[in-house]
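[1] Based on what follows, work out the 3D shape:
(2 chains)
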There are 2 protein chains.
Amino acid sequence: MGKSTRFARRVSVRQVEEGTGLAPKFDENGLLPVVTTACDTGEVLMLGYMNEEALARTIATGEAHYWSRSRGALWHKGATSGLVQTVVDMRIDDDQDAIWLSVRVAGSGASCHVGYRSCFYRSIPIGAEPKPGLELRFREDEKVFDPGDVYGDAPNPTRL
Amino acid sequence: MGKSTRFARRVSVRQVEEGTGLAPKFDENGLLPVVTTACDTGEVLMLGYMNEEALARTIATGEAHYWSRSRGALWHKGATSGLVQTVVDMRIDDDQDAIWLSVRVAGSGASCHVGYRSCFYRSIPIGAEPKPGLELRFREDEKVFDPGDVYGDAPNPTRL
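    Numbers count the residues shown, from 1 in each chain, chains lettered A, B, ... in the order given. From the prediction side, this is the model:
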């Protein structure tokens, strides 16, 4: 199904900001950034990306789908790990180039491939000019799951 | 001050994911996506971007700085509107290519240039294949401020 049959056209700033038509603006790579939070705690779990197909499947199924930039493939979150994200609320921002998903996570409730609940498990200390000696502080005491058990030999998505 | 004097080098996946050094990965445009949430409610207020300078200034001052892609300039949030964002917690994700700011917003507490509290003031209905007739639902009943009063004749950042 082509783009023109799925979404509204972007005609004016007023329509995009104040209207009720879904008229998303994908970036030069065909992607939208997506913030995913836990519906019960408000914790930010991850920041991912959707292409048009991932956006359409998330809307149609109510389960979070992303575009995996490291694998270059559509990604039904939880297909490997079982940690499916059921969408409780799905929002789009003022200029319609970013998505917010509020989700309930299946199983252990984790969303991070390293094994933590949230991908954002470290804080940056504030109040001084950053320098290489700055030390991040861990905010989760222990991993929720063992990535080796869950993902086996699948390649790590982190790129240097 | 050059990049090499501010942040740690990215040496290994293990160091990036499990270490305590701040070793951010900026994208091909020199930017990191930033999720900003309200510290009291957990509501996602906006999704912005930081370049190296915006990241360094946010860390040093404890007030949110972004890179404005529409203006191509460093952006001290609230400099025009007075709606400064004071950072309560600042986190970085597993592969260190995204930031989460938990903030307290000055004044009316709004963060959206359209006048709403959050940029994410509309929900996307779930459960059917998207098509142009789909109708977004407004989740904020009224604007917190009048953008005309606050921004005057400044150009609207939304791009078609």
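[2] For chain A, which residue gets nearest to chain B?
    Here the residue of chain A nearest chain B is A:Gly42; by Cβ to the nearest Cβ that distance is 2.2 Å. In this view, the C-beta of every residue, glycine as well, is placed from N, C-alpha and C.
[3] can you tell me which residues contact the residue nearest in space to the middle of chain A?
    For chain A, the residue lying nearest the average C-alpha position, counting by Cα atoms, centre = their mean, turns out to be A:Gly48 (3.1 Å). A:Gly48 makes contact with A:Pro33, A:Val34, A:Thr36, A:Tyr66, A:Trp67, A:Lys77, according to Cβ atoms under 8 Å, 6 or more residues apart in numbering or on different chains.
[4] Just the buried residues of those residues.
    Among these, those classed as buried by 16 or more other Cβ atoms under 10 Å in any protein chain shown are A:Pro33, A:Val34, A:Thr36, A:Tyr66, A:Trp67, A:Lys77.
[5] Take the residues you listed and lay them out in a markdown table including secondary structure, distance to chain B and pLDDT.
    As requested, the buried ones among the contacts of A:Gly48 are exported to a markdown table (DSSP: H, G, I helix; E, B strand; the rest coil; distance: Cβ to the nearest Cβ, whole Å; pLDDT from 0 to 100):
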| residue | secondary structure | distance to chain B | pLDDT |
| --- | --- | --- | --- |
| A:Pro33 | strand | 5 | 98 |
| A:Val34 | strand | 9 | 98 |
| A:Thr36 | strand | 9 | 98 |
| A:Tyr66 | strand | 13 | 98 |
| A:Trp67 | strand | 14 | 97 |
| A:Lys77 | coil | 15 | 95 |
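[6] which of these lies closest to A:Val87?
    Within these, distances to A:Val87 taken as Cβ to Cβ reach their minimum at A:Thr36, with 9.1 Å.
[7] ok, that closest one to B:Arg139 distance?
    For A:Thr36, the distance to B:Arg139 under the criterion Cβ to Cβ, to the nearest Å works out to 17 Å.
[8] Flag the shaky bits of chain A, pLDDT-wise.
    Applying pLDDT under 70 to chain A flags the ranges A:1-4.
[9] ok, which stretches of it are strands?
    Counting by DSSP state E, residue ranges of the strands within chain A are A:32-38, A:44-50, A:65-68, A:73-76, A:85-92, A:99-105, A:122-123, A:137-138.
[10] what bridges to the closest residue to A:Ala8 other than its chain neighbours?
    Sequence neighbours aside, A:Gly21 is the residue nearest to A:Ala8 in space, at 3.4 Å (criterion: Cβ to Cβ, 6 or more residues apart in numbering or on different chains). Taking DSSP bridges as the rule, A:Gly21 bridges to B:Glu135.
[11] and A:Gly21, what is it in contact with?
    The contact partners of A:Gly21, by Cβ under 8 Å, 6+ apart, come to A:Phe7, A:Ala8, A:Gln15, B:Pro132, B:Leu134, B:Glu135, B:Leu136.
[12] can you count the residues close to A:Tyr49?
    Around A:Tyr49 there are 20 other residues, counting by other Cβ atoms under 10 Å in any protein chain shown.
[13] do the same with A:Tyr151
    Under the neighbour criterion other Cβ under 10 Å, A:Tyr151 is assigned a count of 16.
[14] What's the separation between it and B:Ile92?
    Plainly put, A:Tyr151 is 22 Å away from B:Ile92 if you go by Cβ to Cβ.
[15] from what I can see A:Tyr66 touches A:Ala73, true?
    No - counting by Cβ atoms under 8 Å, A:Tyr66 does not reach A:Ala73; the two are 9.8 Å apart.
[16] shared neighbours, those two?
    Shared between the contact lists of A:Tyr66 and A:Ala73 (criterion: Cβ under 8 Å, 6+ apart) there are no residues.
[17] State the distance from A:Leu47 to B:Gln96.
    With distances taken as Cβ to Cβ, A:Leu47 is found 12 Å from B:Gln96.
[18] cool, and A:Ile59?
    Distance of A:Ile59 to B:Gln96, given as Cβ to Cβ: 30 Å.
[19] Same question for A:Arg117.
    Counting by Cβ to Cβ - A:Arg117 and B:Gln96 are separated by 18 Å.
[20] ditto for A:Gly78
    24 Å.
[21] do A:Ile99 as well
    Shown here: A:Ile99 relative to B:Gln96, a distance of 22 Å by Cβ to Cβ.
[22] just A:Thr36 next, same as before
    Counting by Cβ to Cβ, the separation of A:Thr36 from B:Gln96 is 18 Å.
[23] Then A:Leu31?
    Spatial separation of A:Leu31 from B:Gln96 under the definition Cβ to Cβ is 19 Å.
[24] Compare neighbour counts for the two and give me the winner.
    Summary of the neighbour comparison: A:Leu31 and B:Gln96, criterion other Cβ under 10 Å, with B:Gln96 having more neighbours (24 against 19).
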